[in-house]
Structures are given as structure tokens and as C-alpha cells.
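**Student:** please find the sequence and the predicted model below.
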Amino acid sequence: MYEKYATTGMSNEEWLRLRKTGIGGSDAGSICGVNPFGSPMKVYYDKTSSSVEELDNEAVRQGHDLEDYVAQRFMEATGLKVRRSNFMYRNTEYPFMIADVDRLVVGEDAGLECKTASAYNTDKWKDGNIPLHYIMQCYHYMAVTGKRTWYIAAVILGRKFTYRKLVWDNELIAQMIAIEKNFWESHVVPRVLPSPDGSDICNEVLNEYFHAARKGSSIRLEGFEDKLRRRAEIMEQIERLKQEQGMIEQEVKLCMKENEYATSGNYRISWSSVQSTRLDTKRMKEEQPDIYRDYAVQSESRRFQVRAA
């Protein structure tokens, strides 16, 4: 049902390039449209671009460094034993589906996904809930490996440890495979960009593809008149709502006066004094032009505007 590639001794670049050859568990939620931090267009870019740069930020590092700790807490809570896999799996029936799993459960046809979450996301794990894109990740791993059960364990930093058990779901897995198959065969293989979804991540991808404008170039758009008219209507609605929001906030501030905090029913309001330090670049440019030139960094971006003709 699957073939596997040993990742022990594999260089980071080799591992990243192997990930580009298929849809992984962390891609599944984005392709299925349930990941608030991803989009199909971003997955398409990751799979088709020549870049092999790995996402590296504090959240990613903490998640990787705390993986052993989460696995240990899971073993303590359940009495089960887990081990590292040290393999990348590829489904032989659907070779575009790959899986790099955190842990396998010893003596059980199951795997384990380890997560860390910020205290701000506690509510997303409350009452037995699991963020939906993590659920899709686990079902993707089941689909690739054929295992009938997948556990997900999470440490909510500074708050609690929790774990859940997911079992094989024929209907859900069939739907997920169909969505991933369509994505791979309709977009990745023929190199066709997926449709935009309005997310900031889509904007980032479009800026990567089309980062510089050809000076003075122009095209005539067909079939966008109604959409641009609708955009203008939405912008007007947003402005009205922003004004209404501002009025409510101003009324609250008027009642709070010098008080830093206020409460109203289930709401807690803060209006705090915040100090910040910024560099006066205008003054530096005037008084220390040589230093300003040494440290000035020029960047280029594209500004999107729509005006009625």
C-alpha cells in the first residue's frame, strides 16, 4: 500500500526536495480549504517552485524542539509506547500522497502527531475540539499508511496537555483523496495556478510570481466589470462599518476617561498607555546624510489600485 524512504542520514535539502514530490499531511488542510494559515495557491507554489527554503520561525522551532516532550507526555498519559519512524511514506495507489509522521505507536496499528499551541489558542482545543486542519493532517497520514487510528497530542504552552484519538473514516478519507487528486492532476502536474481565495497568503504568492511591473505596460480586462463594481460596493460598506466601529470605540473612551480598564457584561476593555521608540529617519537624513545612505535599504513592491474611468 505504501513505499518508504529512509530519512536517517538524509540531508535537509534532500528531505525538502522529497517533500516537493507530493502532498504532505501539513498540506492537506490547505488544499481542502480548512487551514486558516494556508491556501491551495501557496501549496502549489511550494511544490512547483525551484526554491527549497524551509520555513524557519520561533513557532516552528519550538514545535520541533518540543516534539519529544509532547511524545513523552502522551506516553505518560496513555501508557502507550511510541517510536520515531525515520521514514517518508508514499501511497502506491495515489503516489502524489506522502507522509512524514512524527511517531508510530508500538504494538498498535496507529500513529501519533505531536503539536504545541499558544495559550491564545486554548479555546480551539476546548471540549474535545481539534483544529480542523490538524484533523485533516491525521486523516491524510491514515490514508497514506493505511493505519486505522491516529492520535494527536498537544501541549498548550503554560496551560495544559491534551490528546485525542481519531479513527478511520471511509467517507471523509475518500473525499480528501478526491480533493488532493484533483489538486495534483489539475494544477501541479499541468502547472496551472489554483484560483485565488482572498487570503493574505494568496497575495504573498502572487507577489512572488509577479513582483515587478513592466513600466508603462497595459492590458484590457474582459469580464471584470461586474466584479469591480461589486468591489467598489464592498469598499463602501467597509468604510461605513469602520466609521460605525470608530464611533462605538469613541463612546467607550469618553466614558472611560483616564481609567485603564473597564468591563461591560462579558466584555473587558483596556485603554492602556504604550511607549514606543522609533528612529527619526527624516532628521537623520538631514543631519547625518552619510549614515542614512549607509543604512538605507531600497525595496520594490507593487501597489494595487482601482479607480473609476
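**Tutor:** Yep, it's here. Numbers count the residues shown, from 1 in each chain.
**Student:** tell me where the stretch 51-200 of the chain has strands.
**Tutor:** According to DSSP state E, counting those that start in this stretch, the stretch 51-200 of the chain carries its strands in the segments 82-83, 87-91, 98-99, 103-105, 110-117, 149-156, 160-167.
**Student:** and residue 209, which of the ones you listed is closest to it?
**Tutor:** Nearest to residue 209, of all the strands of the stretch 51-200 of the chain, is strand 98-99, at 24.7 Å by Cβ to Cβ. Where you see a C-beta, it was placed from the backbone N, CA and C, and this is true even at glycine.
**Student:** who does the longest helix seen in the chain touch, helix- and strand-wise?
**Tutor:** Within the chain, and with DSSP state H defining each element, the longest helix by residue count is helix 225-256. Helices and strands touching helix 225-256, as assessed by 3 or more Cβ pairs under 8 Å, 6 or more residues apart in numbering; DSSP states H and E, comprise strand 261-264.
**Student:** and the next helix or strand after the strand it packs on, C-alpha only, in CSV?
**Tutor:** Downstream of strand 261-264, the next assigned helix or strand under DSSP states H and E is strand 267-270. Provided in CSV are the C-alpha atoms of strand 267-270 (Å, rounded to 0.1, in the frame of the first residue of the first chain):
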residue,chain,number,x,y,z
TYR,A,267,-16.5,42.3,27.7
ARG,A,268,-13.3,43.5,29.3
ILE,A,269,-11.9,46.7,27.7
SER,A,270,-8.3,48.1,28.0
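**Student:** pairing partners for strand 267-270, with directions?
**Tutor:** Strand 267-270 has the following strand partners under DSSP bridges: strand 261-264 (antiparallel).
**Student:** what does the strand it pairs with contact?
**Tutor:** The contact list for strand 261-264 (Cβ atoms under 8 Å, 6 or more residues apart in numbering) reads 252, 255-256, 268-271.
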